[in-house]
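Trainee: Sequence below, structure please.
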Amino acid sequence: MDETVAEFFKRIILKIPMIEMMTILKTWGFLSENQLQTVNLRQRKESLVQDLVLLCEEKRASLNDAALLDIVYTQFHRHQKVWDVFRMSKEPGEDSDLFDMEQFKSSFKKILQRALKNALTVASKHHQIVKMDLRSRYLDSLKAIVFKQYNQTFETHNSTTPLQERSLGLDINIDSRIIHENRIEKERVQRVTEETFGHYPQPRLEFAQYKLETKFKSDLNGGILAEREEPLRCLIKFSSPNLLEALKSLAPAGIADAPLSPLLTCIPNKGMNYFKIRDK
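Mentor: Reported below is the predicted structural model:
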């Protein structure tokens, strides 16, 4: 094992928390059970790294083995990254069935020396791959949005009590003192909210970003803005640990009118949380 591969292993192992070390090494599956039993997790991290690198050298570990360990680590800490979504398409008339995953893995490894996008395109037998305007730290939620699989329980990593259960005035249970008109309005808001967002928990997204480009419009003559040829540009960003659940809670909480703007409610259906808004 050359120095480059050994250094790669050192960097990967150093960033693995000690409490997760054995779990990640077992998931990696490269070192044997006998080798793992010789690992002393009570020693200093630097000494542990040296021992593990030696074990990898004994088994003639390659750069691909190190890359696989890095992938396993990333899977355990996937919330620390923001993931992009790409849409793959085939030529018109080609079979649109999902590709065989085992065949995909085999083909992908053979052509991994090419650019990543080309490797994905060829291995999955698609015509092209295009980056979507959709990003999040939560892979399960991205998958649910892309494949319209909303009726599931999503990850609650670092999350608190769901917004609907917090003391924000969201409980719409009616008592006898509430006047008829108010009850009818609350029922309408609840119905519209459920029609818009459904009964299922919302996929987890942290933000939605809107870029606005518009020409200044005025009935008055003159003025620098009215004469400006370039459009006015501004950026609006909505952020929340769980943005869609937060949006779903606005109307029942009395913070916004129902229904909300389609620009906010269309995020899952359009599969986007980056928007560009221009004058027609």
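
Trainee: ok, the nearest residue to residue 4 once chain neighbours are set aside - how many residues close by?
Mentor: Distances taken as Cβ to Cβ, 6 or more residues apart in numbering put residue 63 closest to residue 4, at 7.5 Å, once the chain neighbours are dropped. All C-beta spots, glycine's among them, are computed from the backbone N, C-alpha and C. Applying other Cβ atoms under 10 Å, we find 13 residues neighbouring residue 63.

Trainee: repeat for residue 247
Mentor: Count around residue 247 with other Cβ under 10 Å applied: 24.

Trainee: Can you read off the pLDDT for it?
Mentor: Note on residue 247: pLDDT of 95.

Trainee: Please apply the same query to residue 131.
Mentor: 84.

Trainee: quick one: it is in a helix?
Mentor: No. Residue 131 is assigned strand when assessed by DSSP: H, G, I helix; E, B strand; the rest coil, not a helix.

Trainee: mind listing what residue 39 touches?
Mentor: By Cβ atoms under 8 Å, 6 or more residues apart in numbering, the contact list for residue 39 reads 21-22, 25, 48, 51-52, 55.

Trainee: hmm, back to that, from what I can see the residue nearest to residue 4 touches residue 3, true?
Mentor: No. Counting by Cβ atoms under 8 Å, no contact exists between residue 63 and residue 3, whose distance comes to 11.9 Å.

Trainee: what's the burial count for residue 64?
Mentor: Neighbours of residue 64 using other Cβ under 10 Å come to 11.

Trainee: Remind me which helix or strand it belongs to.
Mentor: helix 63-76 (DSSP states H and E).

Trainee: Contacts for the following helix or strand past that helix, please.
Mentor: Counting by DSSP H and E, the next helix or strand C-terminal to helix 63-76 is strand 83-89. Residues outside strand 83-89 that contact it (Cβ under 8 Å, 6+ apart): 117, 120-121, 124, 126-132, 134-137, 139, 142, 146, 271.

Trainee: Any idea how far strand 83-89 is from the middle of the chain?
Mentor: 11 Å (Cα atoms, centre = their mean, to the nearest Å).

Trainee: partners of it in the sheet?
Mentor: When sheet partners are counted by DSSP bridges, strand 83-89 sits next to strand 128-136 (antiparallel).

Trainee: CA atoms only for the helix or strand just after the strand it pairs with, dumped as CSV, please.
Mentor: Following strand 128-136 in sequence order, the next helix or strand is helix 139-146 (DSSP H and E). Written as CSV, here are the backbone C-alpha positions of helix 139-146 (Å, rounded to 0.1, in the frame of the first residue of the first chain):
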residue,chain,number,x,y,z
LEU,A,139,-31.9,11.9,1.5
ASP,A,140,-35.1,10.1,2.4
SER,A,141,-37.0,13.3,1.9
LEU,A,142,-35.4,14.0,-1.4
LYS,A,143,-36.3,10.5,-2.6
ALA,A,144,-39.9,11.0,-1.4
ILE,A,145,-40.3,14.3,-3.3
VAL,A,146,-38.8,13.0,-6.5
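
Trainee: Show me what helix 139-146 is in contact with.
Mentor: 78, 83, 85, 87, 132, 134, 136, 149-150, 152, 154-155, 203-205, 267-268, 271.

Trainee: Could you rerun that using 7 Å?
Mentor: 78, 83, 85, 134, 136, 149-150, 152, 154-155, 203-205, 268, 271 (Cβ atoms under 7 Å, 6 or more residues apart in numbering).

Trainee: cool, stretch 236-243 as well?
Mentor: 159, 202, 204-210, 212, 246.

Trainee: Now for those: which two are most distant?
Mentor: 159 and 212 (30.3 Å; Cβ to Cβ).

Trainee: what ranges do the strands span in the protein?
Mentor: 83-89, 128-136, 207-214, 232-239, 274-278 (DSSP state E).
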